[in-house]
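Engineer: below are the sequence and a predicted model for it; my questions follow.
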Amino acid sequence: MTEEEVLSEFRGCGALLEGHFKLSSGRHSAQYLQCARVLMNGERAGNLARALAQKIPREIRSAVDVVVSPAMGGLIIGHEMGRALGKDAIFLERPDGVFHLRRGFTLEPGAKVLMVEDVVTTGLSSREAIDAVGREGGEVIAECALVDRSAGEVDLGVPFFPLMTLSVPSYAEDELPPELAAIPVTKPGSRAA
């Protein structure tokens, strides 16, 4: 899948939103990719996961023991990546603000983990999830995501393979351009409060 084909999938299901959004990272943007909408169709989600799996070098794919994703955003694409790779897919939660495994999920000591996210902007959630996998006894050997909003600038400390890279400006609260500040803010992400 080309990046334009991926973006077309987002547009086609109304998953590319425009307005004023407060992202999970705390930054503000005039565009938001609602991955839940693009993943709500099982066939489309499977197609995107297979395309994403092809972005990961074969030697990394073959080394993966288990797929881990952070809830909420990474849940569906993580599950579909597990299916695409023929591996179990589990997820991290943070009911107390810190990621950890629940629901009886565990990692074998030294398990090689592929971290799977929907969208990466600053990489904060990804780094927190990678740290959690380490605390749980696993080792993240790579991360993949549907969308890299950092335009290739994010450093996760592991190899990173996005399906699509976008250069969509995001702003700190005190740096909002006047045209964005004039629009009421919406918090569509999983940390919306």
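Structural biologist: Everything's here; your move.
Engineer: hey, where'd the strands end up in the chain?
Structural biologist: 16-22, 28-33, 66-70, 88-93, 100-101, 112-120, 139-148, 160-165, 170-171 (DSSP state E).
Engineer: quick one: closest of those to I130.
Structural biologist: Smallest distance to I130 across the strands of the chain (C-beta to C-beta): 4.6 Å, for strand 139-148. Any C-beta I mention is one placed from the backbone N, CA and C, and that applies to glycine too.
Engineer: list the buried residues of the closest one.
Structural biologist: Residues of strand 139-148 classed as buried: V140, I141, A142, E143, C144, A145, L146, V147, D148 (neighbour count, 16 or more other C-beta atoms under 10 Å).
Engineer: is it true that the last one touches V120?
Structural biologist: I take that to be D148. Yes. The pair D148 / V120 is scored as a contact, 5.3 Å apart, by C-beta atoms under 8 Å.
Engineer: any regions of the chain where pLDDT drops low?
Structural biologist: 189-193 (pLDDT under 70).
Engineer: and the contacts of the biggest helix by length in it?
Structural biologist: Counting residues, the longest helix found in the chain (DSSP state H) is helix 42-55. Contact partners of helix 42-55, identified using C-beta atoms under 8 Å, 6 or more residues apart in numbering, comprise 1, 6, 9, 13, 38-39, 61, 76-77, 80-81, 83-85, 144-146, 161-163.
Engineer: buried ones among these?
Structural biologist: Using 16+ other C-beta under 10 Å, the buried ones in the contacts of helix 42-55 are 1, 6, 9, 38-39, 61, 76-77, 80-81, 83-85, 144-146, 161-163.
Engineer: if I pick G134, what's in contact with it?
Structural biologist: V140.
Engineer: can you give me the distance of it to D118?
Structural biologist: 22 Å (C-beta to C-beta, to the nearest Å).
Engineer: contact partners for E139?
Structural biologist: G110, A111, K112, V113, V133.
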